[in-house]
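Novice: I'll drop the sequence and a predicted model, then ask my questions.
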Amino acid sequence: MEVTIPEIEARKLLLAYTGANNYIHAIKQSISISKSKSLTRSQSDYIIKNHQNKPKVAKKWVEIDDYFGETLMTQKFLQSKPTKIWVEKILAESDKAFHLWGKVLETDRLYDFWVPKNQLIVNTERKVTVDYSPYSHRMPYDHQKTAIEKLLGNDKFILADDMGVGKTTSGTIAALESGAKKILIICPATLKFNWRRELQYYTNENIGIVEGKKWEDGKFVIINYDILKNFHSIEGGVTKILDEQFDLIMVDEAHYISNGKAQRTKLVNDLVKKIGKVWLLTGTPMTSRPMNYYNLLRLVESRVAKNWVGYVKRYCDGYQITKGNRKIWLTSGASNLEELRERTKQKVLRRLKEEILDLPDKIITPIFLELNSTEYKKEVGEYLDWAEENSNQSLSIQLNKLMKIRQLIAHEKLPSTYEFIDQCLEQDKKVIVFTNFTDPLMQIWSKYKKIAVPLYGQMKKEQRQESVDKFQNDPKTKIFVSNIVAGGVGITLTEAEVVIFNDLSFVPATMSQAEDRAFRIGQKKNVSCLYPIFDNTIERIIYNIVERKKRIIDTVMGDNISEEDMFGEILQEMRSL
């Protein structure tokens, strides 16, 4: 048989080889013993490719994933599944695998074998120590410290803690401790202002909020998904974000980039590829629809996301069908979820509220928003002019005059409330939404009518109980939307994990009682109470006074603070502004 050129070249290289690759030496010894023995094509290719490469000495036990452990157990007829392998050296590597000199059992001799890269659990996390004394005025919880240190220990990481446990605080402190000179925060438009508020709790650094096509610079720059296209293009026509030389990107509500075909996903993917250091924040479970999280796992270079087809088959119960002349993948299923959690744990920190021991049972979270409304400014101006000329009017009359402004705020809040509801639904959480006004109540109910029940003043007692029972007992009924007075007392809604206040009452006890519809005997989970607040409006004044009253008098059900008592202080602060 005629010997081909690669075999001749490899034989010459082999005979002259003096390197440290044990596999090449084993081939050399075999050839020298039997001089007539020929090299195979694969041996020849290996020698040609690797004869100049210096093997990397490791000399350590390396963790392997469950899947590979089961494979080794079957191949080697082992009595128990190995969790580690000894890696003496890395002899060579291909795109998808390492060629190792090592062993599986301590009693084994050393030998060469190939291991898929995505089945080795190589811990690249850095150990970090954080001095938290600069944050003593608003000290993070212990579970937040764990999150902070996880982020700091990894250049690419997903913080996927449950809603309401303080991911924004964790991300803020981690960013400040990271040494990054310039940080880009990408988030939904409704959360931009809240991020600025959170940053201002901990730093005096310049914070820029980008609006429309107007860039605002700072050490921290906050931009929403929808306007990324104004400052970055994949083709390179617009390069403003890259020109700013950010060295850390934080992507909040990262499930917004789960759809690989969406423009915002492509833009974020391209930015991450070029900037390199990325932390993704999302409260959505990683295992509800695994296909939704492939892109996130790929962005943080999780080993399970190295191969799309493999991921789809293994974790999405994926399969192909023929449609017309095309083959398409169906990927909406879920499979092997325990394995997925196990194999992603190095790149993902996910904790449910009930698993976190240092959390209060009821978590109250204000979310600060910004209202840009000429109509609001006009109404407030007209009201203050009227109040100045009619200061002798009774407070009840003035309250009625103020009602139009409060209703305007309630309507302006609806898009943000819808976003928070959708987040709850994505996480398969039941949610209560409270409002003071019938019209927004009906709008919310109408939008989610198939999965929502209402409760308002005009309903009969039997109808109210029907809504309560359906919410408590029907798994498909996810939303209870209620008037804050009509539904704020006397009912039990312990199936809810989240309470959202679309708009505020003037009376602290009214909101405390409403919160406790979910936080009652029978509730087995922590309850998150979300207060979206328009920071630059009368709402912020109301919220500040309500919180101050709660702290001063430890408001309980049945306290005697009236709307008139509250309104006197609200009006005084409005006039001072």
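Specialist: That came through fine.
Novice: mind listing the strands for the stretch 401-550 of the chain?
Specialist: Per DSSP state E, counting those that start in this stretch, the stretch 401-550 of the chain carries strands over the ranges 431-435, 452-455, 479-483, 498-501, 527-534.
Novice: out of those strands, flag the one nearest residue 368.
Specialist: Closest of those to residue 368 is strand 527-534, at 5.4 Å (criterion: CB to CB). C-beta: built from backbone N, CA, C; applies to glycine.
Novice: which residues touch residue 28?
Specialist: 14, 15, 17 (CB atoms under 8 Å, 6 or more residues apart in numbering).
Novice: and for the second one, nearest residue in space, chain neighbours not counted?
Specialist: Excluding its sequence neighbours, the residue lying closest to residue 15 (CB to CB, 6 or more residues apart in numbering) is residue 28, at 7.3 Å.
Novice: how about that neighbour, phi and psi?
Specialist: phi -60, psi -40 (degrees, to the nearest 10).
Novice: so of the contacts of residue 28, which ones are in helices?
Specialist: Assignment to helices by DSSP state H places the following of those there: 14, 15.
Novice: just to revisit the earlier point, any chance of CSV for the strands of the stretch 401-550 of the chain, columns mean neighbour count, mean pLDDT and distance to residue 252?
Specialist: Shown next, in CSV, are the strands of the stretch 401-550 of the chain (neighbours: other CB atoms under 10 Å; pLDDT from 0 to 100; distance: least, CB to CB, whole Å):
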stretch, mean neighbour count, mean pLDDT, distance to residue 252
strand 431-435, 28, 95, 20
strand 452-455, 23, 95, 27
strand 479-483, 26, 95, 24
strand 498-501, 24, 94, 18
strand 527-534, 24, 92, 15
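Novice: out of those strands, which gets nearest to residue 352?
Specialist: Using CB to CB, those put strand 527-534 closest to residue 352, at 11.5 Å.
Novice: who does that closest one touch, helix- and strand-wise?
Specialist: Strand 527-534 makes packing contacts with strand 362-369, helix 395-426, strand 498-501, helix 538-553 when contacts are defined by 3 or more CB pairs under 8 Å, 6 or more residues apart in numbering; DSSP states H and E.
Novice: restrict the first one to CA atoms and write it as PDB.
Specialist: This file holds the C-alpha atoms of strand 362-369, laid out as PDB (Å, rounded to 0.1, in the frame of the first residue of the first chain):
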ATOM      1  CA  LYS A 362     -43.200  40.700  53.700                       C
ATOM      2  CA  ILE A 363     -40.800  42.500  51.300                       C
ATOM      3  CA  ILE A 364     -41.900  46.100  50.500                       C
ATOM      4  CA  THR A 365     -40.100  47.500  47.400                       C
ATOM      5  CA  PRO A 366     -40.600  51.000  46.000                       C
ATOM      6  CA  ILE A 367     -39.800  51.200  42.300                       C
ATOM      7  CA  PHE A 368     -39.200  54.800  41.200                       C
ATOM      8  CA  LEU A 369     -40.400  55.900  37.800                       C
END
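Novice: list the buried residues of whichever helix or strand comes after that strand.
Specialist: Downstream of strand 362-369, the first helix or strand assigned by DSSP states H and E is helix 374-389. Residues of helix 374-389 classed as buried by neighbour count (16 or more other CB atoms under 10 Å): 376, 379, 380, 383, 387.
Novice: and for stretch 212-221?
Specialist: Quick answer for stretch 212-221 (16+ other CB under 10 Å): 218, 219, 220, 221.
Novice: same question for stretch 225-241.
Specialist: Of the residues in stretch 225-241, 225, 228, 230, 231, 232, 241 count as buried by neighbour count, 16+ other CB under 10 Å.
Novice: residue 185 should be in a helix, yeah?
Specialist: No: going by DSSP: H, G, I helix; E, B strand; the rest coil, the assignment for residue 185 is strand, not a helix.
Novice: so who does it touch?
Specialist: 195, 220, 221, 222, 223, 249, 250, 252.
Novice: follow-up on the earlier one: of the contacts of residue 28 - the most surrounded one?
Specialist: residue 14 (21 neighbours; other CB atoms under 10 Å).
Novice: touching, residue 85 and residue 64? I think so.
Specialist: Yes: using CB atoms under 8 Å, residue 85 is in contact with residue 64, at 5.8 Å.
Novice: quick one: distance of the helix or strand residue 10 falls within to the chain centre.
Specialist: Using DSSP H and E, residue 10 maps to helix 5-15. Relative to its chain's centre, helix 5-15 lies at 53 Å (CA atoms, centre = their mean, to the nearest Å).
Novice: could you find the closest non-adjacent residue to residue 397?
Specialist: Nearest to residue 397 is residue 390, by CB to CB, 6+ apart, at 7.8 Å.
Novice: the one you found against residue 398, yeah?
Specialist: Yes: with contact defined as CB under 8 Å, residue 390 reaches residue 398; the gap is 7.5 Å.
Novice: the two - which one has more neighbours?
Specialist: residue 398 (19 against 12).
Novice: quick check: that one vs residue 508, distance?
Specialist: 20 Å (CB to CB, to the nearest Å).
Novice: do the same with residue 32
Specialist: The value you get for residue 32 to residue 508, if CB to CB is used, is 89 Å.
Novice: then residue 346?
Specialist: For residue 346, the distance to residue 508 - CB to CB - is 45 Å.
Novice: so between these two, which is more surrounded?
Specialist: residue 508 (22 against 18).
Novice: how much space separates that one from residue 417?
Specialist: Applying CB to CB to residue 508 and residue 417 gives a distance of 21 Å.
Novice: repeat that for residue 60.
Specialist: Residue 60 is 52 Å from residue 417, by CB to CB.
Novice: could you check which of these two is surrounded by more residues?
Specialist: residue 417 (24 against 11).
Novice: surely the more buried one meets residue 498?
Specialist: No: with contacts defined as CB under 8 Å, residue 417 does not count as touching residue 498, sitting 11.6 Å away.
Novice: all strands for the stretch 251-400 of the chain, in order.
Specialist: Here the stretch 251-400 of the chain has its strands, by DSSP E, counting those that start in this stretch, at 278-281, 319-323, 326-330, 348-349, 362-369.
Novice: and stretch 10-21, how far out from the chain middle?
Specialist: 51 Å.
Novice: likewise for stretch 58-71?
Specialist: 29 Å.
Novice: start at 20, not 1
Specialist: Done: numbering now begins at 20, and the last item shifts to stretch 77-90.
Novice: flag every buried residue along that stretch.
Specialist: 77, 81, 83, 84, 86, 87, 88, 90.
Novice: what bridges to the nearest residue to residue 486 once chain neighbours are set aside?
Specialist: What sits nearest to residue 486 in space, not counting adjacent residues and going by CB to CB, 6+ apart, is residue 472, at 3.9 Å. For residue 472, the beta-bridge assignment (DSSP bridges) gives partners residue 499.
Novice: so who does residue 472 touch?
Specialist: Residue 472 neighbours (CB under 8 Å, 6+ apart): 464, 485, 486, 489, 490, 496, 498, 499, 500.
Novice: turn those into a markdown table, columns for distance to residue 310.
Specialist: Output for these, formatted as a markdown table (distance: CB to CB, whole Å):
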| residue | distance to residue 310 |
| --- | --- |
| 464 | 31 |
| 485 | 37 |
| 486 | 35 |
| 489 | 31 |
| 490 | 30 |
| 496 | 26 |
| 498 | 25 |
| 499 | 30 |
| 500 | 31 |
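Novice: got the domain ranges for this protein?
Specialist: 20-73, 76-141, 155-374, 381-595 (automatic domain parsing).
Novice: before we move on, the earlier item: the buried residues of stretch 244-260 in helices, which ones?
Specialist: Per DSSP H, the buried residues of stretch 244-260 map to helices at residue 260.
Novice: which members of the buried residues of stretch 244-260 are the farthest-apart pair?
Specialist: Maximum distance among the buried residues of stretch 244-260 (CB to CB): 12.8 Å, for 244 and 260.
Novice: rewinding a little: looking at the buried residues of stretch 77-90, which one is closest to residue 356?
Specialist: Of the buried residues of stretch 77-90, the one sitting nearest to residue 356 (CB to CB) turns out to be residue 86, at 13.6 Å.
Novice: I'd guessed the closest one sits against residue 362; true?
Specialist: Yes: when contacts are counted by CB under 8 Å, residue 86 is listed as touching residue 362 (7.5 Å).
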